[in-house]
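J.: Could you look at this predicted model? Sequence included:
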Amino acid sequence: MIAALLKLGGFALPWWGRWVAIAALAATWGGWCALKMHQHDEAKFEAFKAEVQAAGDKQNFETQQTIKAHQALKEISDAEANTAAAQRDAALLRVRELVRAGRDRSFLPAPAPGAERGDRLCFAAGELDRGLRAAVERLQERTVANAAEGQRGVDAAVICRDWAKAIAGEH
């Protein structure tokens, strides 16, 4: 059959011509196979590019959602910090008003009705000592409590600031 195909219009090819024709057919078939492999590889590459694009789009969407969530958390944190600051400022104002109101008032009780002068008091030394110690102790406790509350506020503010810097990438 190949011999019949190699006779072109009744013209017989020399012995080497047959081999040239066979080589040409093999080269053509090889070229066709290479072309089909190239087209297959191009199709696979296009599919890969589409998958990469889809994965990139998905990641960008998730990143945007994360950014939005962090911004919402930051706004909540800022609002809570502002509320806490307003409450602290209001409490400090109340304390200052109490201190101002207490400046004109004596710590000591009114003089006894039988006292010859109103500027003298009669207390037992132990009672006066216990009362003053208790007053100083309450003052110290309130001072420590106020300092601890202020430190918690500072700690929260530092944590919020560091968190915001980390989100913004300012490390």
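T.: Yes, it's here.

J.: Centre of the chain to the lengthiest helix in the chain, how far?
T.: In the chain, taking DSSP state H as the definition, the longest helix is helix 15-103. How far helix 15-103 lies from its chain's middle: 17 Å, per CA atoms, centre = their mean, to the nearest Å.

J.: The helix or strand containing residue 129 versus helix 15-103: what angle between them?
T.: Taking DSSP states H and E as the criterion, residue 129 maps to helix 125-168. Following axes from the mean of the first three to the mean of the last three CA atoms, to 10 degrees, one obtains 160 degrees for the angle between helix 125-168 and helix 15-103.

J.: helices or strands next to helix 125-168 in the packing?
T.: helix 15-103 (3 or more CB pairs under 8 Å, 6 or more residues apart in numbering; DSSP states H and E). Quick note: C-beta positions are derived from backbone N, CA and C, even for glycine.

J.: Let me see the mean pLDDT of the helix it packs on.
T.: The pLDDT scores in helix 15-103 average 89.

J.: what do you get for stretch 127-140?
T.: pLDDT averaged over stretch 127-140 gives 80.

J.: which residues are contacting stretch 150-163?
T.: Stretch 150-163 has contacts (CB atoms under 8 Å, 6 or more residues apart in numbering) with 74, 77, 78, 81, 84, 85, 88.

J.: starting at the chain centroid, how far to the helix holding residue 129?
T.: Taking mean C-alpha positions (CA atoms, centre = their mean), helix 125-168 and its chain are 30 Å apart.

J.: can you pull the contacts of residue 36?
T.: Applying CB under 8 Å, 6+ apart, no residues contact residue 36.

J.: any idea how far residue 16 is from it?
T.: 30 Å (CB to CB, to the nearest Å).

J.: Over to residue 27?
T.: 16 Å.

J.: try residue 135
T.: Counting by CB to CB - residue 135 and residue 16 are separated by 125 Å.

J.: So those two - more neighbours on which side?
T.: residue 135 (11 against 8; other CB atoms under 10 Å).
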